[in-house]
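**Q** Need a 3D model of the sequence below.
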Amino acid sequence: MAFMAVSMYGMAQKQYIPPTYSSNDKTADNKNFNKDHVFVGGSLALGFGSYSFNVGATPEVGYSFNDWFDAGLAVNFNYQSIRADPYYNGNIGQKSFNYGGGPFLRVYPMRQFFLQGQFEHNWADYKYTNMNGGPSYPSQHVQSNSFLAGIGFTQRIVGQGSFYTLIAMDLMTDQYSPYRDYNNIAIPIIRAGFTFYLHSKR
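**A** As a prediction, this is how the structure comes out:
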């Protein structure tokens, strides 16, 4: 999934940038692009279920087009462990490490809340442990797609760093998604992260 973002920045910055922060409204090279609206950041992710555990990190870079819309690109690294249980998965333990990335969109209906959609393509290595003492299973290297949708809480002001929390779910059903368990049930994802803006040199 690719995304196209059209710059909608035409409002005066003083409407959403604190008085303590000043910058040029427009750059000399491109009147529709403002370097002060570029942000970087990242988050830590935690997912859990009755038999599964997931932890990961997601660095990101993005651009604030106005006071209600951000878009960017994120990469991710995730570790997942599913414990063996004779009634849940035939007593087969599973561990995996995946990496990937993709674009994200954030919409702020209110300054304190945002809605996020993020597409990811991931590569993963799976290892299995047969706790029944039977034959071992070969490791797998697979690919998967996910679409994470969620709601977050923050105190967002364009041009000013902030922290956020996000709760999301994978809306796709790829069996190798790092956000779904052994029975292909979506695992709740909780992320806590930060963003800060790359102010132009003045």
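
**Q** Show me what Ile189 is bridged to.
**A** Counting by DSSP bridges, Ile189 forms beta bridges with Gly47, Ala168.

**Q** Pass me the low-pLDDT residue ranges in this structure, would you?
**A** Counting by pLDDT under 70, the chain shows low-confidence ranges at 1-31, 134-135, 200-202.

**Q** can you map out the helices along it?
**A** Using DSSP state H, no helices are found in the chain.

**Q** hey, where'd the strands end up in it?
**A** Counting by DSSP state E, one finds strands in the chain at the ranges 38-48, 52-66, 69-82, 92-110, 113-130, 140-154, 162-170, 189-197.

**Q** Now do the same contact list for Arg188.
**A** If you look again at residue 188, you'll see it is Pro, not Arg. By C-beta atoms under 8 Å, 6 or more residues apart in numbering, Pro188 lies in contact with 47-49, 167-169. In short, each C-beta sits where N, CA and C put it, glycine included.

**Q** Kindly report the same for Met172.
**A** Neighbours of Met172 in contact, by C-beta under 8 Å, 6+ apart: 145-147.

**Q** Sort out which one of those lies nearest Pro59 for me.
**A** Each of the contacts of Met172 was checked against Pro59 using C-beta to C-beta; the closest is Ser146, at 17.1 Å.

**Q** Who does that closest one form a beta bridge with?
**A** Note on Ser146: beta-bridge partners by DSSP bridges are Glu120.

**Q** what does Phe97 give?
**A** Applying DSSP bridges to Phe97 gives these bridge partners: Tyr79, Asp125.

**Q** Turn the buried ones among the contacts of Pro188 into a named PyMOL selection, would you?
**A** The PyMOL selection below is limited to those of the contacts of Pro188 classed as buried (16 or more other C-beta atoms under 10 Å):
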select buried, resi 47+49+168+169
